[in-house]
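Chemist: After the sequence you'll find the predicted model.
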Amino acid sequence: MFKRLNSIRYVYIRSHLYGVFLTTVVLLAILLSIHVLLEPTWLNTINIFVFIILYAVISLVVSFYAGFQSSSNVKNRLDSLSVLITQYANGNYQSSVHFVEDDEITRIGTELNELGKKLQRQVKSLQRMADEKAEYAKTAHKSAVIEERQRLARDLHDAVSQQLFALTMMSEAAVKQFDKKQRLLENK
């Protein structure tokens, strides 16, 4: 309940009521001063208090109405700013507000619009950087795969070369053994 009484509408109404109170006190002081100093016959104590009571009742009604009406534009504009901030918090940086008035709320709305544009540019920049990073990671992965293939090919080539060398050596040794046995058999 008390939280609601702190809204902008009730602040306006309270300020109007404060104005009514001050005006009532001033009017009462003026009428009582006239009554005491000049003592006119038409201005007696009852007339003064009837006038003040009527003035207070009428001005209370007018104060509530004027406070409510004068605060509605400000409240609506503040609600628009609140919705804009919520939109930014949800990641919708394309939202904006436009006010016709030329006051502090319009300045805040313009600054929030600029903030939204900056946030939108930063999001695009971050997305571009993320895409570049993903592209670099993909390129690095491809390079690693190619490098691993080349290493495997070298290892395989080295293994085949070693086996071929071993086969060559063994075949040369076999040929020498065969030649040696042939000579021994011929010599016998």
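Modeler: Here it is on my side, so go on. Numbers count the residues shown, from 1 in each chain.
Chemist: elements contacting the helix or strand where residue 152 lies?
Modeler: Assigned by DSSP states H and E, residue 152 belongs to helix 104-187. Packing contacts for helix 104-187, counted by 3 or more CB pairs under 8 Å, 6 or more residues apart in numbering; DSSP states H and E, involve helix 45-89. Where you see a C-beta, it was placed from the backbone N, CA and C, and this is true even at glycine.
Chemist: re earlier: mind checking how far the helix holding residue 152 is from the chain centre?
Modeler: Offset of helix 104-187 from its chain centre (CA atoms, centre = their mean, to the nearest Å): 42 Å.
Chemist: and it with helix 45-89, angle?
Modeler: The directions of helix 104-187 and helix 45-89 differ by 20 degrees, with axes from the mean of the first three to the mean of the last three CA atoms, to 10 degrees as the criterion.
Chemist: For residue 23, see how far away the nearest residue to residue 40 once chain neighbours are set aside is.
Modeler: Closest residue to residue 40 in three dimensions, ignoring its sequence neighbours and counting by CB to CB, 6 or more residues apart in numbering: residue 34, at 7.0 Å. Computed as CB to CB, to the nearest Å, the residue 34 to residue 23 distance reads 16 Å.
Chemist: That concludes my questions; thank you for your assistance.
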